[in-house]
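> below are the sequence and a predicted model; questions follow.
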Amino acid sequence: MSLQEDRDGLRKPWNHLLPLAVDCFYAAAFILALPYLVAIRKAGHSLSHIIRRRGNIRIPESGKPRLWIHGVSVGEVLSARSLVQQIRELHPSWELVFSATSRAGLEAVRRAYPDHPAFEYPFDFSLSVDRAFQSVRPDLILIVEHEFWPNFLHRARCEGIPVVVVNALVSDRSVRGYRFLWKIIRWPPQAIVHYCAQNQETLERLVALGVDPGKVTVTGNLKYDNLVQNARDLREELGIPEGAWVFAAASTHAGEEELILDVFGAVRSRAPQARLLLIPRRPERARAILDLARRNGFDACLGSAPASNAGVLVVDTMGDIPACCRTADAVFVGGSLVPFGGHNVIEPASFARPVVIGPYHHNFRSVVADFLARDAILVVQDGEELRKTVGHLHDDREWAKAMGLRARETVLDHGGASRCTIEVLAPLLEGIAGPKTDRAAVRLGGTGGAAGPVSPGPR
């Protein structure tokens, strides 16, 4: 079914009432949550978050076809870098605009794509969404990984704007959430014309959720295509002695820093020149972690005010993980010793560093499986096992180096998702690009069928 045929069905009364029903649901949820938010002193923050994301966007008309690319936060935004580069090279007639949900994600967008408009993703109240669409006026929307908001997708459907999910990932937990959505709104969303899935498991889950198999293509994981080439080595900058062993703990969460400091203390007792680079997931936690390190007897400093004799450096700035990973001899990736689900292990692996994670890595289960298949990652179950593993990495440098090389080979061998994704997007990008007066017809399936089913790329 083309978007034009689907658009005809929007005349049904329920389709006009849907945005109002969703708005009422959001308002009721906020009111019910208000006592709790007040109790934890988050009510003002939540309200300002909604107001700030009211869709008050200003993007001048350029006359070019416009591609809106959206990623929730830093990981999604940065995973699209190689894909964005290929779109710019192969389809230069398109204008690209970016959005992110989190403030950290928006900062990452502005650093990664400084020549393109960037703004906060509108909160899913219908008025905010309508205001954003009126200003952005997209011809095609790419959603990176996930972010399926009912009013946003309903508005795209009303406008006849095709939506493609790239680097799509559906976890076991997400499946339960989408099945709940079935009871509230129409699922799968009709505005989404294709899903570029990271892996076969995501394809199977999407099909189980009712998505037409012809609308899903396994294109691979975009994160494998974004090797950082220019990360600097921080040893000289930080005054780290030559030959000193450096351990980095990246994207750590509350409850993990205490374990990391204990592990590093055991290494430091045998190697006084060893250094720890501790990078919390949220930089605003850096001061509290600095105090924690000092209370535990470490000479510690902040990355924004480094001291050459400090054994522990707590990074309090954004964007320094690549440099820290390159500087380190081994890397622990956080969010995995606590039940968060883990963070991206590909980046440290791309520097040929041995990577250690905890048992909670379900957010990256398929990626971790790629590394485990090649004995290229270390999974520990608790702090005690982490202490033994890190001690082994320190003591047996040849073993650690070999594991790091296997990790980098794994990253290189799984590249190519950007190319496969471009092949899936090509019919839409080429079909929509043209004089502005013709684009609406193309989007709605009236010219060239660009908004109809997308031909699957290589599996």
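Structure's in. What do you need?
> ok, the residue positioned nearest the centre of the chain - contacts?
Central residue of the chain (CA atoms, centre = their mean): E76, 2.2 Å from the mean position. Taking CB atoms under 8 Å, 6 or more residues apart in numbering, we find E76 in contact with A100, G105, V144, E145, N167. (C-beta placed from N, C-alpha, C; glycine too.)
> secondary structure class of it, three-state.
Of the three states, E76 takes helix under DSSP: H, G, I helix; E, B strand; the rest coil.
> quick one on the thing from earlier: who wins on neighbours among the contacts of E76?
Among the contacts of E76, N167 has the most neighbours (other CB atoms under 10 Å), with 28 neighbours.
> was I right about that one contacting L222?
Yes - between N167 and L222 a contact is recorded at 4.4 Å, counting by CB atoms under 8 Å.
> which neighbours do those two have in common?
By CB under 8 Å, 6+ apart, the residues touching both N167 and L222 are S79, A80, V144, Q198, A417, T421.
> identify the farthest-apart pair in the residues you listed.
A80 and Q198 (12.8 Å; CB to CB).
> what's the helix or strand for E61?
E61 is located outside every helix and strand, with elements delineated by DSSP states H and E.
> show the model's pLDDT score for it.
E61 is assigned 85 on the pLDDT scale.
> count the neighbours of it for me.
10.
> I346 too?
I346 is flanked by 24 other residues according to other CB under 10 Å.
> same deal with E409?
E409 - counted by other CB under 10 Å - has 14 other residues nearby.
> buried sites along the helix or strand where it lies?
Counting by DSSP H and E, the element that carries E409 is helix 397-413. Using 16 or more other CB atoms under 10 Å as the test for burial, helix 397-413 gives A400, M403, G404, R406, A407, R408, T410, V411.
> who are the packing partners of the very next helix or strand once past it?
Using DSSP H and E, the helix or strand that follows helix 397-413 in sequence is helix 417-432. Helices and strands touching helix 417-432, by 3 or more CB pairs under 8 Å, 6 or more residues apart in numbering; DSSP states H and E, are helix 81-90, strand 140-144, strand 163-168, strand 192-197, helix 436-443.
> recalculate using a threshold of 10 Å.
Packing partners of helix 417-432 (3 or more CB pairs under 10 Å, 6 or more residues apart in numbering; DSSP states H and E): strand 66-71, helix 81-90, strand 140-144, strand 163-168, strand 192-197, strand 216-218, helix 436-443.
> what would those look like in CSV with mean pLDDT and distance to G239?
Shown next, in CSV, are these (pLDDT from 0 to 100; distance: least, CB to CB, whole Å):
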stretch, mean pLDDT, distance to G239
strand 66-71, 96, 36
helix 81-90, 96, 32
strand 140-144, 97, 39
strand 163-168, 97, 39
strand 192-197, 97, 45
strand 216-218, 97, 47
helix 436-443, 49, 57
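> wait, which of the ones you listed is closest to K388?
Per CB to CB, nearest to K388 of the helices and strands packed on helix 417-432: strand 163-168, 35.3 Å.
> A248 - that's part of a helix, no?
No - assigned with three-state DSSP, A248 falls outside any helix and is strand.
> name the nearest residue to it, ignoring sequence neighbours.
Leaving aside its sequence neighbours, A248 sits nearest to A328 (CB to CB, 6 or more residues apart in numbering; 3.6 Å).
> measure the one you found to V312 for me?
A328 sits 13 Å away from V312 when distances are taken as CB to CB, to the nearest Å.
> what's the overlap in contacts for the two?
Both A328 and V312 are contacted by F247, A249, R275, L276, L277, under the criterion CB atoms under 10 Å, 6 or more residues apart in numbering.
> biggest separation within these, which pair?
A249 and R275 (11.6 Å).
> rewinding a little: mind putting the helices and strands packed on helix 417-432 in CSV, distance to Y360 included?
CSV is the format used below for the helices and strands packed on helix 417-432 (distance: least, CB to CB, whole Å):
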stretch, distance to Y360
strand 66-71, 23
helix 81-90, 27
strand 140-144, 23
strand 163-168, 22
strand 192-197, 23
strand 216-218, 26
helix 436-443, 42
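> and these: which comes nearest A231?
Per CB to CB, nearest to A231 of the helices and strands packed on helix 417-432: helix 81-90, 13.8 Å.
> buried sites along the closest one?
For helix 81-90, using 16+ other CB under 10 Å, the buried residues are R81, S82, L83, V84, Q86, I87.
> now it, how far from the centre of its chain.
Offset of helix 81-90 from its chain centre (CA atoms, centre = their mean, to the nearest Å): 17 Å.
> can you name the element that comes right after it?
Downstream of helix 81-90 (by DSSP H and E), the next one is strand 95-100.
> quick one: that next one to strand 66-71, angle?
20 degrees (axes from the mean of the first three to the mean of the last three CA atoms, to 10 degrees).
> name the helices or strands packed onto the helix or strand immediately after strand 95-100 in the chain?
Counting by DSSP H and E, the element after strand 95-100 in chain order, helix or strand, is helix 103-112. With contacts defined as 3+ CB pairs under 10 Å, 6+ apart, helix 103-112 has these neighbours: strand 66-71, helix 74-79, strand 95-100, strand 118-120.
> so which elements touch the longest helix seen in the chain?
Counting residues, the longest helix in the chain under DSSP state H turns out to be helix 13-39. Here helix 13-39 touches helix 43-52, helix 126-136, helix 150-159, going by 3+ CB pairs under 10 Å, 6+ apart.
> just to check, R52 is in contact with R103?
Yes - counting by CB atoms under 10 Å, R103 is a contact partner of R52 at 9.1 Å.
> identify the contacts common to the two.
E120.
> rewinding a little: which one of the shared contacts of N167 and L222 has the most neighbours?
Going by other CB under 10 Å, A80 tops the shared contacts of N167 and L222 with 28 neighbours.
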